[in-house]
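Student: sequence unknown, structure follows:
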C-alpha cells in the first residue's frame, strides 16, 4: 500500500486525532532543530540597526526608518517592537515559533491541495521546518518579523483553497469570508516585502491543481479551465498587479536596480544566455545544493569536536523521530491505495509545482542581478526558494521509488541531516555572539569617552555576521547609548566599501557622509579613528606614529593609517555599560585584552606609571595573543628604569615574532638614554637582550 494513499475517513473528518498530532510533531521537530543553543544566541547583522532605532527613537522611529524602501514595514516593526521589546532571547523564541507557524500553514496548504496524501503534506512540512539552505534564523529581530509576515503569506494560500472549496460547494458567503481574510493576509505581507512576488505566480498552478478534483472542472474545455482558474485567482492577482505598478512605476527601485533590463538593452543575447545560466545555477543551489550541503559520513574526523558530536546526536534523534512518526502514520492507514494513474498524477503535479516555485522565485532576484548562495549573506534569499524545493524533493523521491519504506527513510534522512546542519549553523552564530561581546568590552575599555563626531574606520572584519552598518548600530548603543539624535555621534565604515576609489578626497580634507536609514552621519577626515581587530589578537586603535612601522597589519592599512586621529578618544569614567547590561546581559570576565586596552589607553597619554601598574597585575596571570601587545609594557618599564622587567618581555617578544626586533630597538635605545642602569650586572643583561634582537646601545 502506497504511503501517499488518499484517506477517505480523514477527508470526511479533517479534525481527526491523527491530524491533530501533526502540528505538535512539527513543533517538536522545530524545537529540536532550532532551540538547543537558543539561550546562547543574540543579535546580528541588520538586527543592530533595528535595535538602535527601537532603543533610541522608540517603536515610532521605525515609521520614519523604513520610508526609503519599505514604508509599510515600519508599521509592522512598530507593532512588534511594542509586543516583544529588545530582549534577544524573546526574539529568538519569536523566530522559532514563527518558523513553526509557517510549517503548520504550509502543511495545511498541502493537505488541501492533495487531500489524504500524507507523504507530500507531512513530508513537505517536515522538510520546510528543517530546510537548512536558509541559514539566517538566529538573526532574530529581522527574521522574527519576516517569518511572521511569511506565515501570513503562506496562510493566504490555505485560505484561498478553503474559499474555493466553499465556492464549489455552493457556499458563497463562506467563500467571500475566506477570500477577504486571505487577500488581507497576502496584501499586508506583499506591501511589507517584495520577497515573494515571483513565488506568487504559482497561485494559478495551485488553483488549477486544486480544481482538478472536481468533476465539473474536469469536464470543461481547456479555455474554460483557464477562465475558472483566473476568476479564483483574480482577487490576489489584482493586488499583485497593483503592487507591482506601485513598486516599479511609482516607488521604483530605491535599493537594488533592474540590472537585467539595462543588460537586455545593451547586449540582449548575452543577457538572455546569462539569465538562463543564472536560473539553472540558482535552481541547483536551492535544491540539491542545499539538501546535500551537510551530508557526510561519520568518522573519527567528523566526530572529534563537540559541535560535530552534537551534530550526529541531532541527526540520529531527528532520523529516529521522523521515521518513527511517518511509519506510525503509515501503519494506521485503513483505506485502499490509490490507482497507479492517480498516484502518478500527484507526482507529476508536485514536480511541476515544485519546479515552477523555484524558477518563479528567482525572477525578482534575476532582474536585480542578485543570486542566492549557501554562504552568508546570500542565503537569505533561499527563504523564498525553499517552498519549491521542499515540494520537489519528496516528489522526486516518490518518482524514484514506489516503496513506502524507502520514501520514509529518504525523507527522514534528508530532514535529519538538515537538522544537524542547522545546529552547526547556530553554533557559528553562538561564537559570533561571544566575539561581539569581547569586541564591545574591549572597545568600551579603550574608548571611555570621545569627541563627537567620530568615524571608526577599519578594513578587516573578524565578526562574521556584521557589516559596518551593523557595527554602527552596535557601537552607538555601546559608546553613545544616551544619544537620541538622528545625527549620529559615531559611525563605522569599512575602507574598501566606503572609499573604494581611494582616499584622495580624505587626504584633501573633504567632508563625507554616511546614511543609516533615516539617520545620518557627517564628518571630516580629522574625525577618523582607525582600528584593527582580528582575534585572538586584541583590538588596536591605530596611531601612525606608534603603529606606522609595526609589521603586523594587512598591507592596505599602511595606505590610510595616516588618517587616524586617536586624539578623538578622551580619558574618563563611563557612566554606564548599557549594552552589556541591557543587551548582552553579561558581565565581562577579566582577560588579557581587557587589561591591554587599559594599558593602551594610558599609552595614548604616555601615563607610564599606570601602564606599569597594569603590567604588574596582568603579566603574571595572562599571556598576549600577539607579540606586539607587550610593547606598551616594555616602553613603560623602560621609561621608569625597571630594566629587570624589560628584559624578559624583550626575550618573549623576540621568541614570538622576530619581525618586531627592528621595532623594539629604537624604543629601548630611547629609554636607555633617559634611564641608564648603574648596576653592571643588569647592564650586561640589557646588552645581551639588545644583542639578541640585533641592536646596539647608543651612548
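Tutor: Nice, thanks for sending it over. This is a predicted model, so every value here is computed, not measured.

Student: Please count neighbours and contacts with C-alpha atoms only from this point.
Tutor: Will do.

Student: which one is the residue most central in space within the chain nearest to, not counting chain neighbours?
Tutor: The residue lying closest to the centre of the chain (Cα atoms, centre = their mean) is residue 136, at 4.0 Å. Closest residue to residue 136 apart from its sequence neighbours, by Cα to Cα, 6 or more residues apart in numbering: residue 380 at 6.3 Å.

Student: Compute the number of surrounding residues for the one you found.
Tutor: Residue 380 has 19 neighbours, counted by other Cα atoms under 10 Å.

Student: distance of it from residue 200?
Tutor: According to Cα to Cα, to the nearest Å, residue 380 stands 18 Å off from residue 200.

Student: circling back: for the residue nearest to the centre of the chain, grab phi and psi.
Tutor: phi -110, psi 20 (degrees, to the nearest 10).

Student: Contacts only, for it.
Tutor: By Cα atoms under 8 Å, 6 or more residues apart in numbering, the contact set of residue 136 is 143, 379, 380.

Student: and with 10 Å instead?
Tutor: The contact partners of residue 136, taken as Cα atoms under 10 Å, 6 or more residues apart in numbering, are 44-45, 142-143, 376-383, 422, 425-426, 429, 465.

Student: from these, which would you call buried?
Tutor: By neighbour count, with 16 or more other Cα atoms under 10 Å, those hold 44-45, 142-143, 377, 379-383, 422, 425-426, 429, 465 as buried.

Student: Mind jotting down where the strands sit in the stretch 401-550 of the chain?
Tutor: 449-450, 454-458, 490-494, 512-516, 519-523, 528-532, 540-541 (DSSP state E, counting those that start in this stretch).

Student: Now render the ones you listed as a markdown table, adding mean neighbour count and distance to residue 194.
Tutor: Shown next, in a markdown table, are the strands of the stretch 401-550 of the chain (neighbours: other Cα atoms under 10 Å; distance: least, Cα to Cα, whole Å):
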| stretch | mean neighbour count | distance to residue 194 |
| --- | --- | --- |
| strand 449-450 | 18 | 41 |
| strand 454-458 | 24 | 33 |
| strand 490-494 | 23 | 28 |
| strand 512-516 | 14 | 21 |
| strand 519-523 | 17 | 24 |
| strand 528-532 | 23 | 37 |
| strand 540-541 | 22 | 41 |
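
Student: mind giving me TSV with these and columns for mean pLDDT?
Tutor: What follows is the strands of the stretch 401-550 of the chain, written out as TSV (pLDDT from 0 to 100):
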stretch	mean pLDDT
strand 449-450	96
strand 454-458	98
strand 490-494	97
strand 512-516	94
strand 519-523	96
strand 528-532	98
strand 540-541	98
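
Student: want to throw those into CSV with distance to residue 80?
Tutor: Formatted as CSV, the strands of the stretch 401-550 of the chain follow (distance: least, Cα to Cα, whole Å):
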stretch, distance to residue 80
strand 449-450, 33
strand 454-458, 31
strand 490-494, 27
strand 512-516, 21
strand 519-523, 21
strand 528-532, 35
strand 540-541, 38
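
Student: thinking again about what came up before, among the buried ones among the contacts of residue 136, which lie within helices?
Tutor: Using DSSP state H, the subset of the buried ones among the contacts of residue 136 located in helices is 142, 143, 382, 383, 422, 425, 426, 429.

Student: just curious, which of those is nearest to residue 517?
Tutor: Residue 517 lies nearest to residue 142 out of those, by Cα to Cα, at 14.8 Å.

Student: For the residue nearest to residue 136, give me the pLDDT.
Tutor: If you check residue 380, the pLDDT there is 95.

Student: and if you look at the one 4 residues further on?
Tutor: For residue 384, the model assigns a pLDDT of 96.

Student: Same question for residue 257.
Tutor: pLDDT, residue 257: 65.

Student: any idea which helix or strand carries residue 100?
Tutor: For residue 100, the host element (DSSP states H and E) is helix 88-113.

Student: buried residues in stretch 205-219?
Tutor: Across stretch 205-219, burial judged by 16+ other Cα under 10 Å covers 205, 206, 207, 208, 209, 210, 211, 217.

Student: give the contact list for the fifth one.
Tutor: Right, residue 209. So residue 209 contacts 113, 114, 203, 229, 346, 349, 350, 353 (Cα under 10 Å, 6+ apart).
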